[in-house]
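> Okay, structure incoming, though there's no sequence with it:
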């Protein structure tokens with residue numbers, strides 16, 4: 001028999017998978033004929049370009065390349081010199097994840113941990129890139145559930161749950177096409193190393209639209225024809241618009257920007273410049289705060305009911321926290337009177353913990369110092385690691401929150417003092433994306449069982465067990481919590497193990 005029920009709908013982004021995995025992308029590089037033989041590797045670095053991300057049955061595929069920059073000491077006609085190789089390391093990475101299908105959405109990030117180079121012979125180098133994958137897969141679905149059953153004596157165990165349902169997911173592409181000028185006295189011989197950063201990501205929402213702004217930093221170390229090394233830093237703003245139905249300024253957005261492709265090439269010697277062509281993708285997930293009333297369990301003392309229980313995993317307590325750590329440290333470089341050409345910085349977070357009204361972040365700042373050797377006849381690098389602890393204010397963060405930390409580096413100021421001591425100053429902005437995964441229990445459908453429900457007793461005496469609740473007892477004996485409370489003159493619904501209860505036969509009003 002059909003039961004008269006009422007239903008509600010909830011559009012959720014159910015968490016299907018949250019997987020972190022390490023991988024190795026490897027390949028061999030042949031030294032171009034115009035370059036000298038390799039004697040020694042000085043340094044290696046890389047930039048990830050992601051062409052395509054695709055979800056299929058049981059797996060996620062990521063296609064792209066790593067643009068690698070290898071600085072080495074070369075030998076030509078018995079002369080040692082510093083040179084570089086730019087090699088493209090293509091990859092197609094497949095990661096197996098159970099239960100994912102092609103109609104699902106994803107948030108995929110790929111970070112380069114390190115690059116290792118091994119000289120096979122004077123004309124060949126093996127390159128091994130160690131990368132980290134952070135993959136979240138969502139199933140955007142409209143869940144229908146029962147929120148009322150029209151039976152006179154229906155008993156419902158209800159709850160009100162705060163959730164962050166996904167309002168929309170969108171992405172857009174943007175590009176940078178620029179000519180980067182260098183000093184007019186520099187005749188460019190070759191580009192030694194390129195590093196990029198995407199900072200100051202900020203997303204504003206208005207009705208049906210998101211606007212994302214960010215700064216793309218490009219740092220280039222190059223060699224001149226007269227054997228000098230020089231650095232150029234450039235920052236380029238990018239903007240991306242995404243149409244997103246029903247989004248407004250009250251919604252919380254998580255944003256990611258990544259490089260899809262980058263080409264940097266020298267122009268003619270007389271032009272004293274390089275041409276940069278970069279394509280980027282901006283992805284935004286907008287979350288809406290919802291208060292959902294759900295029925296977790298139900299029964300009727302007079303009608304035998306069948307019902308379907310569901311469990312939905314979604315997100316709650318979504319918050320974005322920001323804070324800036326002012327780093328100021330003096331360190332000895334121990335390089336004598338050699339010249340410092342450049343200092344790269346990398347922030348590593350090693351331990352994240354929730355403390356009172358905040359998030360404690362432990363890690364280290366790596367300073368990669370590029371300097372001369374043998375009084376400017378060569379180049380080398382050394383790494384200085386300085387530990388730090390920072391407490392990010394986060395007044396509403398929950399103790400069991402999942403926290404993802406990203407960093408932006410601002411206001412770098414490096415002062416090299418006599419005796420090769422360096423004063424290292426920078427502002428590190430920490431952005432914490434905090435949320436909890438919550439399982440919501442709902443009722444999918446309700447029908448009447450044809451078998452009758454009858455109480456064959458007038459009174460039952462029951463002694464409570466440690467895990468008993470009034471709801472469990474009332475449901476078991478086809479009574480109601482109200483009837484049990486009134487019959488036993490209970491002051492509250494809290495029970496102690498061994499309590500003697502009189503449970504009378506339920507009589508409909």
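Received the coordinates, thanks. Since we're looking at a predicted model, the values are computed, not measured.

> And for the nearest residue to residue 145 once chain neighbours are set aside, the neighbour number?
Among residues not flanking residue 145 along the chain, residue 442 sits closest, at 3.8 Å (Cβ to Cβ, 6 or more residues apart in numbering). Any C-beta I mention is one placed from the backbone N, CA and C, and that applies to glycine too. For residue 442, the neighbour count with other Cβ atoms under 10 Å is 22.

> What strand or helix carries residue 442?
Assessed by DSSP states H and E, residue 442 sits inside strand 421-448.

> mean confidence score for that strand?
The pLDDT scores in strand 421-448 average 91.

> How about the contacts made by the residue nearest to residue 145?
In this structure, residue 442 makes contact with 143, 145-146, 294-296, 309-312, judged by Cβ atoms under 8 Å, 6 or more residues apart in numbering.

> Output these in CSV; the columns should cover neighbour count, pLDDT and distance to residue 364.
Output for the contacts of residue 442, formatted as CSV (neighbours: other Cβ atoms under 10 Å; pLDDT from 0 to 100; distance: Cβ to Cβ, whole Å):
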residue, neighbour count, pLDDT, distance to residue 364
143, 18, 83, 44
145, 20, 89, 48
146, 22, 89, 53
294, 21, 88, 45
295, 22, 90, 50
296, 15, 89, 46
309, 12, 89, 48
310, 15, 86, 45
311, 8, 85, 41
312, 20, 82, 40
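
> Relative to residue 491, which of these is nearest.
Of all those, residue 491 sits closest to residue 296, with 25.0 Å by Cβ to Cβ.

> Is the closest one in contact with residue 155, as I believe?
No - judged on Cβ atoms under 8 Å, residue 296 makes no contact with residue 155 at a distance of 11.9 Å.

> now the strands for the stretch 301-450 of the chain?
Remark: strands assigned in the stretch 301-450 of the chain by DSSP state E, counting those that start in this stretch are 305-332, 340-355, 358-373, 378-393, 402-417, 421-448.

> closest to residue 236 out of the ones you listed?
strand 402-417 (15.4 Å).

> Would you mind listing the buried residues in the closest one?
Within strand 402-417, the residues that count as buried by 16 or more other Cβ atoms under 10 Å are 403, 405-409, 416.

> And for stretch 426-433?
Result for stretch 426-433 [16+ other Cβ under 10 Å]: buried residues 426, 428-433.

> Quick one: distance of it to the chain centre.
14 Å (Cα atoms, centre = their mean, to the nearest Å).

> which one of the buried residues of strand 402-417 sits closest to residue 364?
Closest to residue 364, out of all of the buried residues of strand 402-417 and judged by Cβ to Cβ, is residue 407, at 12.0 Å.

> ok, that closest one to residue 300 distance?
Separation of residue 407 from residue 300 (Cβ to Cβ, to the nearest Å): 56 Å.

> And residue 209, by the same measure?
In terms of Cβ to Cβ, residue 209 sits 49 Å off from residue 300.

> Then residue 483?
With Cβ to Cβ as the criterion, residue 483 and residue 300 are 13 Å apart.

> Give me the more crowded residue out of the two.
Each of residue 483 and residue 300 has its neighbours counted (other Cβ under 10 Å); residue 300 has more, 22 against 17.

> Need phi/psi at that one.
Main-chain dihedrals, residue 300, degrees, to the nearest 10: phi -130, psi 130.

> Is residue 487 located within a helix, as I assumed?
Yes - the assignment for residue 487 by DSSP: H, G, I helix; E, B strand; the rest coil puts it in a helix.

> show me what contacts it?
501-504.

> what do you get for residue 240?
By Cβ under 8 Å, 6+ apart, the neighbours of residue 240 are 172-174, 211-212, 257, 282.

> can we see that at 6 Å?
172, 174, 212, 282 (Cβ atoms under 6 Å, 6 or more residues apart in numbering).

> List the beta-bridge partners for the third one.
Here residue 212 shows beta-bridge partners residue 203, residue 240, assigned using DSSP bridges.

> Likewise for residue 138?
Applying DSSP bridges to residue 138 gives these bridge partners: residue 15, residue 105.

> Same check on the one 5 residues further on?
Under DSSP bridges, the beta-bridge partners of residue 143 are residue 10.

> Report the separation between it and residue 273.
56 Å.

> go on, residue 43?
Taking Cβ to Cβ, one finds residue 43 at 25 Å from residue 273.

> So for the two, which residue has more residues nearby?
Using other Cβ under 10 Å as the criterion, residue 43 and residue 273 rank with residue 43 on top: 22 against 15.

> before we move on, which element is that one in?
Using DSSP H and E, residue 43 falls in strand 37-56.

> Counting by contacts, list what that strand packs against.
strand 59-76, strand 105-121, strand 252-266 (3 or more Cβ pairs under 6 Å, 6 or more residues apart in numbering; DSSP states H and E).

> Could you single out the most deeply buried of the ones you listed?
Of all these, strand 59-76 carries the top mean neighbour count, a mean of 19, counting by mean count of other Cβ atoms under 10 Å.

> re earlier: how many degrees apart are the strand holding residue 43 and strand 252-266 in direction?
Using axes from the mean of the first three to the mean of the last three Cα atoms, to 10 degrees, the inter-axis angle of strand 37-56 relative to strand 252-266 is 140 degrees.

> Now do strand 37-56: everything it contacts.
With Cβ under 6 Å, 6+ apart, strand 37-56 has contacts from 61-73, 75, 100, 102, 104, 106, 108, 110, 112, 115, 117, 119, 122, 193, 196, 258-259, 261, 380-381.
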